[in-house]
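Trainee: Sequence first, then the predicted structure, then my questions.
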Amino acid sequence: MATLIDGKAIAATIREEVKAEVAQLREKGIVPKLNVLLVGDDPASVVYARSKEKSCANVGIDFELKTMTGSSTLEEVLAVIDAWNKDTSVHGIMIELPLPKGMDKKVVLESVDPKKDVDGSHPINRGYILSGGEGLFPATPQSCIEVMLRSGIEIKGKNAVIVGRGETVGKPLVFMMLNQNATVTVCHTKTADLAYHTKQADILIAAVGRAKMITADMIKPGAVVVDAGINPAEGGGICGDVDFENAKEVAGAITPVPGGVGSLTTVLIQKNVLKAIKLQGLA
Ligand SMILES: Nc1nc(=O)c2c([nH]1)NC[C@@H]1CN(c3ccc(C(=O)N[C@@H](CCC(=O)O)C(=O)O)cc3)C=[N+]21
């Protein structure tokens with residue numbers, strides 16, 4: 001029976017670290033601030049934005065949500081971002097996705113100052129993942145690594161298999177895990193014999209977006225299983241990409257959903273705000 005990796009407990013620890021650092025900054029007269037832009041009325045984005053607001057209030061980070069109608073023009077959106085880029089009281093900027101149909105996501109995301117890009121989606125920050133530079137990295141892949149490091153799981157030298165190559169989780173994770181000195185394999189929809197690969201994994205990371213697609217028979221006994229999936233569950237709520245109930249009988253350690261990887265994402269965005277302040281040369 002696998003050790004359960006408690007994402008909520010790890011998140012609580014990181015939250016205390018963030019709180020302490022925010023307090024220190026505030027004493028120096030720096031009030032960390034995160035600005036979120038929501039264009040349109042995607043219901044999930046509204047929920048996520050509100051959740052960030054609540055969480056920021058909890059750690060003492062100032063928060064501003066700007067909502068714009070779905071009929072806003074690209075120029076209007078870029079004008080808001082440009083003003084935030086220039087505003088030295090704004091340390092972190094996040095653009096909620098999806099943007100309205102027809103609005104060029106690439107242009108919008110690339111208009112954010114890379115030093116304020118706490119979502120880690122600017123190509124410059126993506127590039128730093130490869131080059132090993134000091135940048136801002138996306139929260140969910142960071143979370144996958146952090147749950148292991150903070151559980152005393154060694155990554156160095158391990159066979160890590162990532163299932164999924166999405167832009168937000170799988171793809172950045174390939175190089176982030178390589179930077180942790182894992183031997184990395186990346187599997188995706190076109191992979192022949194997925195189970196062959198997953199069974200080689202000392203560390204198996206699922207970032208597919210398909211409920212319970214990683215089954216117990218695909219897992220090497222004793223492996224560490226990290227589940228970055230967020231899928232609607234049958235009886236409401238969310239479930240992961242891993243068939244948790246059966247997988248936990250085979251794995252050595254496993255993250256649940258909810259209560260695993262996802263529990264860290266918001267606090268890691270806040271950590272990025274603090275890193276952004278340093279990158280901006282303010283602390
Ligand atoms: N426009 C947009 N904005 C986002 O901020 C955004 C997004 N899209 N798409 C997906 C990712 C992921 N993300 C999470 C935030 C909190 C938890 C979280 O707190 N999860 C808890 C509780 C989950 C629950 O029970 O509902 C857990 O996993 O234990 C998870 C995931 C925000 N995202």
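Mentor: The structure has been received and is ready for your questions.
Trainee: Buried residues of the longest helix along the chain, list them for me.
Mentor: Assignment by DSSP state H gives helix 7-27 as the longest helix of the chain. Of the residues in helix 7-27, 7, 10-11, 14-15, 18-19, 21-22, 25 count as buried by neighbour count, 16 or more other CB atoms under 10 Å. Yep, even glycine has a C-beta here, placed from its N, CA and C like the rest.
Trainee: List the residues that contact Pro100.
Mentor: Counting by CB atoms under 8 Å, 6 or more residues apart in numbering, Pro100 touches 39-40, 70-72.
Trainee: Return the closest of the residues you listed with respect to Glu134.
Mentor: Val39 (29.8 Å; CB to CB).
Trainee: I figured the closest one hits Glu96, correct?
Mentor: Yes - if you go by CB atoms under 8 Å, Val39 and Glu96 touch, sitting 7.5 Å apart.
Trainee: Looking at those two, which one has more neighbours?
Mentor: A direct count of neighbours by other CB atoms under 10 Å for Val39 and Glu96 places Val39 higher, at 25 against 20.
Trainee: Return the distance of the closest residue in space to that one that isn't next to it in sequence relative to the ligand.
Mentor: Closest residue to Val39 apart from its sequence neighbours, by CB to CB, 6 or more residues apart in numbering: Met68 at 4.7 Å. The spacing between Met68 and the ligand, counted by CB to the nearest ligand atom, to the nearest Å, is 14 Å.
Trainee: what's the neighbour count on Met68?
Mentor: So Met68, with other CB under 10 Å, has 15 neighbours.
Trainee: Next up, the contacts around it.
Mentor: 37-40, 76-77, 80.
Trainee: Swap in 10 Å and give it another go.
Mentor: By CB atoms under 10 Å, 6 or more residues apart in numbering, the contact set of Met68 is 37-40, 76-77, 80, 100.
Trainee: helices and strands around the helix or strand in which Glu245 is found, which ones?
Mentor: Glu245 is part of helix 244-247 when elements are defined by DSSP states H and E. Helices and strands touching helix 244-247, by 3 or more CB pairs under 10 Å, 6 or more residues apart in numbering; DSSP states H and E, are strand 224-227.
Trainee: ok, back up a step: any idea how far the helix holding Glu245 is from the middle of the chain?
Mentor: Distance of helix 244-247 from the chain centroid (CA atoms, centre = their mean, to the nearest Å) equals 23 Å.
Trainee: cool, stretch 240-248 as well?
Mentor: For stretch 240-248, the distance to the chain centre is 21 Å (CA atoms, centre = their mean).
Trainee: Which positions within it qualify as buried?
Mentor: For stretch 240-248, by 16+ other CB under 10 Å, it's 240-244, 247-248.
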